[in-house]
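Asker: just to be clear, the model below is a prediction. Sequence and coordinates:
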Amino acid sequence: GIKNHEDFNGDLYQIGHSIVAHLNNTGRSHKTIICMHGWLEDYRYFTQLYTANDGELILINSCDYHAANKNITPTKPAWQIDNPYQKHTIEHDAAVLIQAVKNLASTDELLLHGHSRGGAVVLEAIKQNQALFNNATVILEAPVLPEAPLFKANKRPKAVNDLLSYIILYPFPFIVAWLARFGIPDFALKNIHPMNERKKHLLLGIWNNHKYIKVLLDNLTNLNAWTLTNKVDLFDAIKKGYILIGSKDDVLSRDLMMKLAHKSKKNITVIESKNSSHFITLDIPEQVKSLKFE
């Protein structure tokens, strides 16, 4: 089986049903980097991109996803407060991110980096606490964006829509159980080019990161609802931001992402990266880290 954990030389905090990893800065750069992974992933998505040499690291793990580390037992900090939002939602994860930044960040030079669903979590966190992130730099990587639903609303009667979503989602637990046991078939991996060892390792373990199946179903239904209830004006609260878009995207609609990204004002730079998929950090880490693209 695939090892879904790696050793970590920082601190782990249990904040409600979420794990947050914290690493003190060992470099010269005076900044705090806060990362939020995408659906099915965990914070190992970022652990080869950023190191403690780049700044203080705060890595958020989604609610009810397994901790990616076996060598440290998470501590329950005295500063945690009850999360007002329902579990397994973008709003819930955003509230955890805010708690972590308030209590762990030792600098006010913040870099927020969210991948896919994590991009929506970052936008939601800024919406929930604009003052905290007033001066933050924001990287939205292949993000889920407001006004970009996964399942489009349509004119069918509600009963029909409910039935259709049941038919689509009903086999989902069985498919996930199968994938968790047998892994992603080779033909599926072939589509996610470019491929490298790190990317393959993380993708093969992707169906084992959640604690139970309802987490993923809740994630999906909430994700769709979030895109329908929020608007692209969420971009306006960002002081300086980047939206990174892969040269192809087999997970989200690249066309819709492009269209919405370009609705942003001058505060956001839209970057179409080359030789990249939905997983830009895993494809071209040096370019993502330097924000200098070929």
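Answerer: Cool, the structure landed.

Asker: element containing K274, please.
Answerer: Assigned by DSSP states H and E, K274 belongs to no helix or strand.

Asker: also H22?
Answerer: H22 is located in strand 18-23, with elements delineated by DSSP H and E.

Asker: tell me which strands that strand pairs with, and in which orientation.
Answerer: Strand 18-23 sits in its sheet next to strand 11-15 (antiparallel), strand 56-60 (antiparallel), going by DSSP bridges.

Asker: buried residues in the first one?
Answerer: If I follow you right, that is strand 11-15. 12-13, 15 (16 or more other Cβ atoms under 10 Å). Placement of C-beta: from N, CA and C, glycine included.

Asker: what is the nearest of these to W207?
Answerer: L12 (22.7 Å; Cβ to Cβ).

Asker: roughly how far apart are the residue lying closest to G183 once chain neighbours are set aside and F46?
Answerer: Nearest residue to G183 in three dimensions, chain neighbours excluded: L204, at 5.4 Å (Cβ to Cβ, 6 or more residues apart in numbering). Distance, L204 to F46, by Cβ to Cβ, to the nearest Å: 18 Å.

Asker: again with A68
Answerer: Counting by Cβ to Cβ - A68 and F46 are separated by 10 Å.

Asker: same question for D54.
Answerer: Taken as Cβ to Cβ, the span from D54 to F46 is 11 Å.

Asker: ok, these two, which is more surrounded?
Answerer: Taking neighbours as other Cβ atoms under 10 Å, D54 and F46 compare with F46 leading, 26 against 18.

Asker: if I pick the more buried one, what's in contact with it?
Answerer: Residues in contact with F46, defined by Cβ atoms under 8 Å, 6 or more residues apart in numbering, are 35, 37, 57, 59, 113, 115, 281.

Asker: which among the residues you listed gets closest to K211?
Answerer: Nearest to K211 among the contacts of F46, with distances taken as Cβ to Cβ, is H37, at 15.2 Å.

Asker: show me where the stretch 51-200 of the chain has its strands.
Answerer: Using DSSP state E, counting those that start in this stretch, the strands of the stretch 51-200 of the chain run over 56-60, 110-115, 137-141.

Asker: who touches the second one?
Answerer: Same thing as strand 110-115. 31-38, 41, 45-46, 50, 55, 101, 120-123, 125-126, 133, 135-143, 279-281.

Asker: hmm, try it at 7 Å
Answerer: 31-38, 45, 121-122, 133, 136-143, 281 (Cβ atoms under 7 Å, 6 or more residues apart in numbering).

Asker: on that earlier part again, hmm, who's touching the helix or strand that comes right after the strand holding H22?
Answerer: For strand 18-23, the following helix or strand on the C-terminal side (DSSP H and E) is strand 32-36. Residues outside strand 32-36 that contact it (Cβ under 7 Å, 6+ apart) are 43, 46, 50, 54-60, 93, 97, 101, 105-107, 109-114, 118, 121-122.

Asker: strand partners (parallel or antiparallel) of strand 32-36?
Answerer: In the sheet, strand 32-36 lines up against strand 56-60 (parallel), strand 110-115 (parallel) (DSSP bridges).

Asker: shaky segments in the stretch 51-200 of the chain?
Answerer: Residue ranges of the stretch 51-200 of the chain with pLDDT under 70: 152-156, 160-170, 187, 191.

Asker: mind listing what S18 touches?
Answerer: 60-63, 93, 96.

Asker: kindly recompute the last result at 6 Å.
Answerer: 61, 63, 96 (Cβ atoms under 6 Å, 6 or more residues apart in numbering).

Asker: which among the residues you listed count as buried?
Answerer: By 16+ other Cβ under 10 Å, those give 61, 63, 96 as buried.

Asker: the second one against Q86, yeah?
Answerer: It refers to C63. No - contact criterion Cβ atoms under 6 Å: C63 and Q86 do not qualify, at 9.4 Å.

Asker: in the stretch 151-294 of the chain, which spans are helices?
Answerer: 158-169, 172-182, 186-190, 197-204, 213-229, 254-261, 280-283, 285-290 (DSSP state H, counting those that start in this stretch).
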